[in-house]
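Visitor: no sequence for this one, just the structure:
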């Protein structure tokens with residue numbers, strides 16, 4: 001796949017990344033601030049940024065606001081932390097502590113929802129772009145261009161729905177409604193099941209339809225044969241053969257799982273590949289297999305977009321929370337939106353979504369990280385407050401230190417145990433990559 005990166009992206013990327021981090025931290029601290037205000041807890045200081053103070057003022061409640069030179073952090077300091085704060089009811093103290101992480105998580109579906117209703121949800125259309133020969137979809141008679149409309153009565157509008165409703169069923173028979181050449185028909189279909197270890201040593205297992213969904217363009221280096229003629233490492237030959245078969249059904253060997261080439265029946269569309277033959281066009285030597293030039297921003301009713309925003313947030317929270325338990329290696333698909341739009345015609349909208357998505361990831365990470373039971377984090381403070389509430393007496397500094405040592409040790413041990421099975425596979429995958437690099 002191709003993703004265009006302009007010089008402007010390289011220049012603006014680092015400061016925008018820092019701004020995203022600052023926004024996530026600011027949202028976190030404002031969560032604490034709002035909760036403290038609701039429960040009428042005195043707030044001593046609110047600091048925005050780091051470095052030299054450029055502006056400050058005291059509000060009517062006596063809180064000192066401080067703006068500093070570099071917008072890289074923010075924090076809220078509660079007045080009399082050992083007295084006024086601990087004098088409050090336990091549930092109020094607990095809510096004030098977790099209000100920061102809650103604010104970080106709560107903002108994520110809102111920013112996705114705002115993007116979805118103004119621009120659309122990045123989506124892969126539910127059209128088959130290729131059928132892998134000899135697999136379940138091929139045996140069932142599916143064809144390139146077929147559109148999935150529903151599975152077992154549940155509506156399908158994009159590829160996300162297919163994974164959520166169809167792939168999630170596993171290798172079980174279901175009733176699918178398909179549209180082909182303007183005609184709709186119903187068919188019974190049972191996918192295969194696949195389990196394998198990918199090139200990074202990550203175990204994958206899911207239903208396998210034998211369908212290519214990608215609407216984003218392929219580089220010609222991913223095409224290793226056209227109608228049986230080998231084109232490995234020969235982009236010129238691949239280009240010529242594809243041009244000869246434009247607007248026809250062709251069989252292409254396409255690199256897929258672990259860079260293994262699999263033959264697939266595709267319908268090459270000149271309408272989707274308008275720049276394929278123009279040497280000065282951005283799309284020269286790029287091949288679109290679908291009916292659309294890449295993924296699209298799909299418009300849906302407001303209610304559906306709200307549900308989609310919540311679903312995607314839930315998925316990100318679950319995936320990011322599981323990352324520490326799969327560190328060797330980290331699965332890139334846990335935080336990657338495989339349905340993002342990359343077409344250059346919508347470059348600035350794509351860039352906006354990139355930072356919306358990045359803000360969502362960073363905000364969730366800030367929330368989950370702060371919930372860890374460690375010193376100076378919300379989770380550590382909540383842990384101590386809870387133990388003291390149960391004991392009805394304050395803990396000594398030595399007791400707190402031992403509690404944090406035990407909490408950190410338990411967390412670290414859990415991570416080690418969870419990743420122990422991955423170590424041999426991870427080492428093998430790294431050695432394989434080194435071997436491939438040396439051979440190349």
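Guide: Yep, that arrived. Note that the structure is a prediction, hence the values are computed from the model and not measured.
Visitor: make it CA atoms for all contacts and neighbour counts henceforth
Guide: OK.
Visitor: Going along the chain from the helix ranked longest in the chain, find the next helix or strand for me.
Guide: When the chain is scanned for its longest helix (criterion: DSSP state H), the result is helix 7-38. Following the chain from helix 7-38 toward its C-terminal end, the next helix or strand by DSSP states H and E is strand 43-58.
Visitor: Remind me what that following strand packs against, helices and strands.
Guide: Packed against strand 43-58, as judged by 3 or more Cα pairs under 8 Å, 6 or more residues apart in numbering; DSSP states H and E, are the following elements: helix 7-38, strand 64-78.
Visitor: what sits up against that strand?
Guide: Applying Cα atoms under 8 Å, 6 or more residues apart in numbering, the set of residues contacting strand 43-58 from outside is 26, 33, 36, 62-79.
Visitor: Off-centre distance for the longest helix of the chain?
Guide: Distance, stretch centre to chain centre, for helix 7-38: 19 Å (Cα atoms, centre = their mean, to the nearest Å).
Visitor: which strands and helices sit next to it?
Guide: Under the contact rule (3+ Cα pairs under 8 Å, 6+ apart), helix 7-38 is packed against strand 43-58, strand 64-78, helix 90-118, helix 347-370.
Visitor: Buried ones only from the contacts of strand 43-58, please, as a ChimeraX command.
Guide: Here the buried members of the contacts of strand 43-58 are turned into a ChimeraX selection, burial being counted by 16 or more other Cα atoms under 10 Å:
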select :26,33,36,63,64,65,66,67,68,70,71,72,73,74,75,76,77,78
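Visitor: Which residue is the nearest non-sequential neighbour of residue 326?
Guide: Of all residues beyond its chain neighbours, the one nearest residue 326 is residue 419 (5.8 Å), with distances taken as Cα to Cα, 6 or more residues apart in numbering.
Visitor: so the one you found makes contact with residue 329?
Guide: No: contact criterion Cα atoms under 8 Å: residue 419 and residue 329 do not qualify, at 9.0 Å.
Visitor: Can you give me the neighbour number for the residue lying closest to residue 233 once chain neighbours are set aside?
Guide: Once flanking residues are discounted, residue 233 sits nearest to residue 221: 6.5 Å by Cα to Cα, 6+ apart. Residue neighbour count, defined by other Cα atoms under 10 Å, stands at 16 for residue 221.
Visitor: residues contacting residue 221?
Guide: By Cα under 8 Å, 6+ apart, the contact set of residue 221 is 232, 233, 234, 235.
Visitor: Is it correct that residue 186 falls within a helix?
Guide: No: in this structure, residue 186 is strand, not part of a helix, as judged by DSSP: H, G, I helix; E, B strand; the rest coil.
Visitor: So the residue lying closest to it once chain neighbours are set aside, which state does it fall into?
Guide: Take residue 186 and drop its neighbours on the chain: the residue closest to it by Cα to Cα, 6+ apart is residue 177, 4.5 Å away. Local secondary structure at residue 177 is given as strand here, using three-state DSSP.
Visitor: mind checking how far residue 177 is from residue 66?
Guide: Residue 177 sits 60 Å away from residue 66, taking Cα to Cα, to the nearest Å as the criterion.
Visitor: same question for the host helix or strand of residue 418, mean pLDDT?
Guide: Secondary structure assigned from DSSP H and E places residue 418 in helix 397-420. Here the mean pLDDT over helix 397-420 is 91, rounded to a whole number.
Visitor: can you check stretch 116-133 too?
Guide: Stretch 116-133 shows a mean pLDDT of 96.
Visitor: For that stretch, buried residues please.
Guide: Using 16+ other Cα under 10 Å as the burial criterion, the residues of stretch 116-133 that qualify are 116-117, 120-133.
Visitor: which pair in these spans the largest distance?
Guide: 117 and 133 (39.0 Å; Cα to Cα).
Visitor: So for stretch 323-340, first residue to last residue, what's the gap.
Guide: Using Cα to Cα, one end of stretch 323-340 lies 21 Å from the other.
Visitor: can you give me the offset of that stretch from its chain's centre?
Guide: With Cα atoms, centre = their mean as the basis, stretch 323-340 stands 8 Å off its chain's centre.
Visitor: same check, this time on stretch 182-196
Guide: 26 Å.
Visitor: Also stretch 339-350?
Guide: Relative to the chain's own centre, stretch 339-350 is displaced by 16 Å; criterion: Cα atoms, centre = their mean.
Visitor: and the end-to-end length of it?
Guide: 11 Å.
Visitor: Rounded mean pLDDT for that stretch, please.
Guide: In this model, stretch 339-350 has a mean pLDDT of 88.
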